[in-house]
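>>> please work out how this folds:
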Amino acid sequence: MRYCNYCGHENLDAAQYCNSCGRALRPEADQHIPKGDFERRIDDFTQEMESLGKKVEREFDTMGKDLGTWSDSTLGILGPLVWSLVGLAVLVLIIGVLWILGDSIQTFRDIADFLLANIWLIFALGLLLSYSNFFSRRYKEQFRWVQPIFTALGIVFGLWIASEVMYIVAVNFNIEILETIASIMSTYLGIIFMAIMVIGYVAFLISLMSSTGAFKETQPRFDQPRPGYEPVPPGDYRRLYRSGRNKVLGGICGGMGEYANLDPNIIRIIWIILMVVSLGIAILGYFICWIIIPRNPYDTWQ
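Got it, this is the predicted structure:
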């Protein structure tokens, strides 16, 4: 059998044109078996998560650029130092709050002691990372060669603080698994640093090749039909879809609201209550629904 790459319809081996859509069939080397319904939902979920991640990244990138532009034009080269001092003041305030809470819970006191003992190291590394961001904005072409090193340093720095805090919590509450995780994190920080740096340079080389035209990357569009996808017409029952018209993340609450003829905000409030009551377990349920429930084929997805 030969499958149409446009509508996924099965045709005879000798067919030159699709019996369903009438388009010319590609050579057998280009033929592929259409994906199943669940596989298409996984593709939908992956594409939407990628789109959401890019959207959040663009928002934070815009905010960061606006703040960075204002800081560079107003404070100049002293900007990173000023922001580092502001961060130091915030850190001192956090340590003070932890000290106050430590009168009743020893864990907070231990965390405050750790931060206080390493406060100047934290300040120095924060200042270094602030100036790396400053020079990457001011001298983007010259500085991008060393940017992966500072990126890896910042990530490993955060992991080091997280591992120390996890160790303190594990010791105070006698949580062996948490202590093991903290020990593994602190042991392999050097390897993590090298791995992140290698990934950063690989990504840098790929972006460099892309900018020079060595290859072109094609991104799938949500508004283009995928092979083998046919909207399911309404039957004797109402089918639950994810909404493309009323969605914040995956359109789960919007689809449930449309199905039950309720305001989707009511569904969202119920989800929030469930997430609080279940200590976050309902978040996993949301992502499972994201994968299982198909997109509404009659909505526009972008």
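>>> what is the one helix or strand Leu116 maps to packed up against?
Using DSSP states H and E, the element containing Leu116 is helix 106-117. Using 3 or more CB pairs under 8 Å, 6 or more residues apart in numbering; DSSP states H and E, the elements in contact with helix 106-117 are helix 79-101, helix 147-173. The way it works is simple: take the backbone N, C-alpha and C, and place the C-beta from them, glycine included.
>>> tell me which of those helices is the most buried.
Compared across the helices and strands packed on helix 106-117, helix 147-173 shows the largest average neighbour count, a mean of 17 (mean count of other CB atoms under 10 Å).
>>> how far off helix 106-117 does that helix point, in degrees?
140 degrees (axes from the mean of the first three to the mean of the last three CA atoms, to 10 degrees).
>>> could I get the average pLDDT for helix 147-173?
For helix 147-173, the mean pLDDT works out to 89.
>>> buried set for whichever helix or strand comes after it?
Later in the chain than helix 147-173, the nearest helix or strand by DSSP H and E is helix 176-187. The neighbour-count check on helix 176-187 (16 or more other CB atoms under 10 Å) flags 179, 181-182, 185 as buried.
>>> contacts for whichever strand or helix holds Phe287, please.
Assigned by DSSP H and E, Phe287 belongs to helix 281-292. Helix 281-292 is contacted from outside by 41-42, 45, 48, 242, 249-250, 252, 271, 274-275, using CB atoms under 8 Å, 6 or more residues apart in numbering.
>>> how about the helices in the stretch 1-150 of the chain?
For the stretch 1-150 of the chain, the helices defined by DSSP state H, counting those that start in this stretch cover 37-74, 79-101, 106-117, 119-138, 140-143, 147-173.
>>> can I get the ones you listed in a markdown table including distance to Met256?
As requested, these are exported to a markdown table (distance: least, CB to CB, whole Å):
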| stretch | distance to Met256 |
| --- | --- |
| helix 37-74 | 17 |
| helix 79-101 | 40 |
| helix 106-117 | 40 |
| helix 119-138 | 42 |
| helix 140-143 | 46 |
| helix 147-173 | 36 |
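>>> confidence-wise, which of the ones you listed is weakest overall?
Among the helices of the stretch 1-150 of the chain, helix 37-74 scores lowest, at a mean of 72.
>>> and the angle from it to helix 281-292?
120 degrees.
>>> which parts of the strand or helix carrying Trp271 are buried?
Using DSSP H and E, Trp271 sits in helix 264-277. Within helix 264-277, the residues scored as buried using 16+ other CB under 10 Å are 264, 267-268, 271, 275.
>>> that one vs helix 281-292, what angle?
130 degrees.
>>> start at 642 instead
Yep, numbering from 642; the last one is helix 905-918 now.
>>> can I get helix 905-918 in CSV? Just the C-alpha atoms.
Taking Å, rounded to 0.1, in the frame of the first residue of the first chain, the C-alpha atoms of helix 905-918 are listed here in CSV:
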residue,chain,number,x,y,z
PRO,A,905,-13.5,28.0,32.1
ASN,A,906,-12.3,30.2,35.0
ILE,A,907,-14.4,28.0,37.4
ILE,A,908,-12.5,25.0,36.1
ARG,A,909,-9.2,26.7,36.6
ILE,A,910,-10.1,27.6,40.2
ILE,A,911,-11.0,24.0,40.8
TRP,A,912,-7.6,22.9,39.4
ILE,A,913,-5.8,25.4,41.6
ILE,A,914,-7.6,24.1,44.7
LEU,A,915,-6.8,20.5,43.7
MET,A,916,-3.1,21.4,43.2
VAL,A,917,-3.0,22.9,46.7
VAL,A,918,-4.9,20.0,48.3
